[in-house]
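Undergrad: below are the sequence and a predicted model for it; my questions follow.
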Amino acid sequence: MDRKIKGAVFDMDGLMIDTEKLLVKFWRESAEYFGYTMTDENVYSIRSLSRKYSVPFLKGLFGDEFPFEKVRDRRIKLMNDYIDRFGFETKKGLFELLGYLRENNYKIAVATATDRERAENYLEKINALGCFDAVICGDMVKNGKPDPDIYITACGEIGLSVGECVAFEDSPNGVKSAYTAGCKVIMIPDLTQPDNDIMPYISAVYESLDKAVEFFEEVNGS
């Protein structure tokens, strides 16, 4: 059978691992340490957003004197310390979906805004690193999300065109990146639901990853 969809590309934070709530917590705590009041909504806006865009966004909110690098570095330390002590959970249905894709010979990649060292560390912690044919991280492309580079690169690394791949995302910036690249996009909402601005970019929405098996069976035939 000549499949329409031959591969799947996964975001990581908030999609495979339950870390977005930690990002919110520690961005806010770090900003507060330096005297800035950051809201949940402020953090939602920078989910999956590359530094190219997140720096001017936050400086636009808090002023040019906002110490982005210091706040970010402290956030990373606080979050890493927390994860070292308490770990984190995988998102519901992850291994069911990965198992289905493997059993049916789909190519699988990761496209995450997280840097390579931390991404591989996180994936190793949940014993998932070996599930993927390629892992493309934010520090491996010139332009991060919401630009399409990371998805174009990830699809190329697994030997497929973007039109042959489904992208899994939980955030608007990630959805825009995958859609602009040319992938079909499945959203698995985490902290926020899709709004009217991004719904036109989404092929399907599921409450958990395992539910997305039906998408592949519908598109390619069971």
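TA: Here it is on my side, so go on.

Undergrad: and the helices in the protein?
TA: Using DSSP state H, the helices found in the chain span residues 20-33, 40-45, 51-62, 68-86, 94-103, 116-125, 149-157, 172-181, 213-220.

Undergrad: test my guess that Asn143 contacts Arg51.
TA: No. Counting by CB atoms under 8 Å, Asn143 stays clear of Arg51, with 10.6 Å between them. Glycine gets a C-beta too; all of them are placed from N, C-alpha and C.

Undergrad: what do those two both touch?
TA: Common neighbours of Asn143 and Arg51, using CB atoms under 8 Å, 6 or more residues apart in numbering, do not exist here.

Undergrad: to what extent is Gln193 buried, counted in neighbours?
TA: Per other CB atoms under 10 Å, the neighbour tally for Gln193 reads 9.

Undergrad: pLDDT score for it?
TA: With respect to pLDDT, Gln193 scores 93.

Undergrad: quick check: it vs Thr153, distance?
TA: From Gln193 across to Thr153, the span is 29 Å (CB to CB, to the nearest Å).

Undergrad: and if you look at Tyr201?
TA: Taken as CB to CB, the span from Tyr201 to Thr153 is 19 Å.

Undergrad: same question for Arg118.
TA: Using CB to CB, Arg118 is found at 18 Å from Thr153.

Undergrad: next: Asp190.
TA: Distance from Asp190 to Thr153, by CB to CB: 24 Å.

Undergrad: same thing with Cys165?
TA: Cys165 is 12 Å from Thr153, by CB to CB.

Undergrad: repeat that for Thr114.
TA: For Thr114, the distance to Thr153 - CB to CB - is 15 Å.
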